[in-house]
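**Student:** Predicted model and sequence below, questions to follow.
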Amino acid sequence: MEVGEIVRVDNLTFRYVQGEVVLRNVSLTLGKHEILGILGPNGAGKTTLLKILVGILKGEGTVRLMGIGISRLSSREVAKIVGYMPQEHSIVFPYRVIDYVLMGRAPHYSLFSMPSRKDYGKVMQVLRELGLETLASKTVAEISGGQLQLVLIARALVQEAKILVLDEPISHLDVRNAMKVLRVIRKLVRSGTALGVILSLHDPFLASMFCDKVIILDQGRVVAHGKPEESLSPDILESVYGVKFDVITHNGRKLVIPIIT
């Protein structure tokens, strides 16, 4: 890995038992203090790629986290490096927010140990950083969708993971809550609380606004990888999504928007 790289993927291919190839020769890098956005239409392989990065699935190729091959790491060791927030989550028990976030400390427990005062202190510290401390005693059933997404991020943070992997963290959120979640993610990276973030998104406009680098997947292949102004070209986006895009400049940053024809 090059200096400053915290995630490196080389020639990753993944196929299900039935033989269907979902990812083909995917390569990517994440540097320190970067937000990497993964875009692509439904079925492009975004969720599969993220699951491989956190060790849930195994593919052919090389995945390195903090310079270490993921195949050499136990699931507990991976959890200390990567905090994962899946796209779909179902919380059937009405946990209090503080107790639900506390579950993120599990990789740091031995088999028979119990949460300590230090663990609860870490949870409250993270809740304060995310502006959630007033929700600590509420149940997860009592909070809004935007607040729940932030609680899930808090749970990943209390793992003390260096890297966050977030699968569509703003899906099903209104504009205000989506912007709040993305601002929190950017603040975590800029402050060094997280060394880097990889997240999947559906909206090229938001990717051009918030991401430092972008990967576009189409039918399991990487069709663009680089800075947003390079990767999110109207021609590439039209070929992937079948929709025309235009480029506008706002505060010196190039942003892409779909064109209704």
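**Tutor:** Everything's here; your move.
**Student:** show me where the stretch 1-150 of the chain has helices.
**Tutor:** Counting by DSSP state H, counting those that start in this stretch, one finds helices in the stretch 1-150 of the chain at the ranges 46-53, 75-81, 97-102, 117-129, 145-157.
**Student:** How about the stretch 151-261 of the chain?
**Tutor:** Secondary structure of the stretch 151-261 of the chain, counting by DSSP H, counting those that start in this stretch: helices at 175-191, 204-210, 228-231, 234-241.
**Student:** coming back round to it: which stretch among the helices of the stretch 1-150 of the chain comes nearest residue 165?
**Tutor:** Taking C-beta to C-beta as the criterion, helix 46-53 is the member of the helices of the stretch 1-150 of the chain that comes nearest to residue 165, at 5.4 Å. Where C-beta positions appear, they are placed from N, C-alpha and C, glycine not excepted.
**Student:** For residue 249, give me its contacts.
**Tutor:** Listed by C-beta atoms under 8 Å, 6 or more residues apart in numbering, the contact set of residue 249 reads residue 255.
**Student:** Would you agree residue 135 is in contact with residue 151?
**Tutor:** Yes - in this structure residue 135 lies within contact range of residue 151 using C-beta atoms under 8 Å: 7.4 Å.
**Student:** Which residues are in contact with each of these two?
**Tutor:** Common neighbours of residue 135 and residue 151 (C-beta under 8 Å, 6+ apart) are 97, 143.
**Student:** weakest of the helices of the stretch 151-261 of the chain by average pLDDT?
**Tutor:** Here these differ in mean pLDDT, and the lowest is helix 175-191 at a mean of 88.
**Student:** what's in contact with stretch 37-50?
**Tutor:** For stretch 37-50, the external contacting residues (C-beta under 8 Å, 6+ apart) are 12, 14, 22-23, 26, 57, 84, 87, 165, 167, 198-202, 204, 207, 210-211, 213-220, 228, 240-241.
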